[in-house]
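Engineer: sequence and predicted structure are below.
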Amino acid sequence: GGQISTSVKPGFDVLAKRHGAQRAHDIMRDGQRSLAWIKEFVAAENIDCDFGVVGRFHAAHNAIQFGHLVRAVAAQRKGLEVETEIVERAAQSAELGTDAYWGGVIYRQHASLDPARYHHGLLDRAQQAGATVVPHCPVTAIEKNGDRFRVVTPRGIIAARNVVVATNGYTGPLTPWLQRRVIPIGSYMIATEPLSAEQMARLMPKNRIVSDTRKVVFYYRASPDRQRILFGGRVSTDETDPAISGPRLHADMVKLFPELAGTRISHSWCGFVAYTFDELMHVGRHEGVHYAMGYCGSGVGMASYLGMRLGLQVLGSAEGKTAFDQYKINELLWYVYLQQGRNADAARLLEQQIASGQMPAAEKVQRSKTLAQLYFRAGNYGKAIQSANQFLKSVPSDQETQVLVAQAYYQQKDYKNALATADRLVK
């Protein structure tokens, strides 16, 4: 619906538990940078798309959720503070013409734009810069060809030095590795028929973008000309079509705004967003192919921002680095492998992370010990010894790892080295 926020769904505490405090901070800051960047970008490129910093009213659908919102605002982390305002239920009518909520929070820097006009502006700027756009020409295969790629289409083959996949909710069998890592989810919207100026002023007096605390969230706003309400949400656990979703969304809208019961729908449409298993967007490179996707419903702002960063990565610029680079996000998959006892897969993934060159030095040392343990459990004793010895270069007194080396040698029937390692432990 053209709503733009700081885009990161998991909170700091959840991210810190998964990735550590510093990485959690970096992820949250990149989300904030994405909001600031798109504002600057639209202005710099002079894209006519009704961009405005209108603020978001994030509404609590019950009293418990209102308490959670208030506590979250009060507990903002230093360096990650955002401008907010608590709205009590008694004052809610100044923000939104409904009694269905229990108050909420205003995020003053959140913004909106017209997605179609923004897309048109992006396309226009790309073509002005010399890009060739070939519509209605699907890629049917991406083939490695030495240090380059062959991109196969029904209208011919393109030789490319770099390939970027940015298919998000439409990722398919062309890229099966990526397809397995995103979940396409339907996002459904309706537009009301034109409403009177008095009715719009009563229902949406501040022209905010609106979302709420439901797990399956509603999101809505006034149209840029303030003549209609654009209302969105998820209407079914299964995918459906706009002819079915439209009436369902209308019914949900009427629950919030009963006076719209007799208002007709002028448009109903849908599209696919892409969710990930960790609710974070992903940027990376697989088998030489660059990708950015998994925006979890926040693609208007974050896809633009990460698209810019990914372009810099393709050019080899250090400024392309983000907190969402694949090495960091792969950790959740690593934890899944650990829980499933898939030690060989967990070791392989961890080794890729260590070799990425992006892991902090202190973390790299500690993770090499973990890698040795994983390879030992997987029965790959040679790799276990190699990783353990790498760790012992930095921490030579670690007896646990020395014992692991001795045991690995023993399992390989290398009794000479097993005994020598054990002797060093005794001494």
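Structural biologist: Nice, thanks for sending it over.

Engineer: the stretch 201-350 of the chain: strands as residue ranges?
Structural biologist: Counting by DSSP state E, counting those that start in this stretch, the segments of the stretch 201-350 of the chain that form strands are 209-212, 219-222, 229-233, 265-275, 282-286, 289-293.

Engineer: lowest-confidence stretch among those strands?
Structural biologist: For those, mean pLDDT drops lowest on strand 282-286, to a mean of 90.

Engineer: let me know the angle separating that strand from strand 289-293.
Structural biologist: Counting by axes from the mean of the first three to the mean of the last three Cα atoms, to 10 degrees, strand 282-286 lies at 160 degrees to strand 289-293.

Engineer: run the chain-centre distance for strand 282-286.
Structural biologist: Remark: strand 282-286 is offset 12 Å from the chain centroid, using Cα atoms, centre = their mean, to the nearest Å.

Engineer: what lies in contact with it?
Structural biologist: Residues outside strand 282-286 that contact it (Cβ atoms under 8 Å, 6 or more residues apart in numbering) are 177-178, 181, 276, 290-294, 306, 309-310, 313, 322, 324-327, 329. Just so you know, the C-beta spots here come from the backbone N, C-alpha and C atoms, and that holds for glycine as well.

Engineer: list only buried entries from those residues.
Structural biologist: 178, 181, 276, 290-294, 306, 309-310, 313, 322, 324-327, 329 (16 or more other Cβ atoms under 10 Å).

Engineer: format the strands of the stretch 201-350 of the chain as a markdown table; extra columns: distance to residue 45.
Structural biologist: Formatted as a markdown table, the strands of the stretch 201-350 of the chain follow (distance: least, Cβ to Cβ, whole Å):
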| stretch | distance to residue 45 |
| --- | --- |
| strand 209-212 | 22 |
| strand 219-222 | 23 |
| strand 229-233 | 24 |
| strand 265-275 | 24 |
| strand 282-286 | 22 |
| strand 289-293 | 20 |
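
Engineer: identify whichever of the ones you listed lies nearest to residue 299.
Structural biologist: Among these, the nearest to residue 299 by Cβ to Cβ is strand 265-275 (6.4 Å).

Engineer: how far is the closest one from where the chain is centred?
Structural biologist: Chain-centre distance of strand 265-275: 19 Å, with Cα atoms, centre = their mean.

Engineer: list the buried ones in it?
Structural biologist: Under 16+ other Cβ under 10 Å, the buried positions of strand 265-275 are 265, 268, 270, 272, 273, 274, 275.

Engineer: next: stretch 364-377.
Structural biologist: 364, 365, 367, 368, 369, 370, 371, 372, 373, 374, 375, 376.
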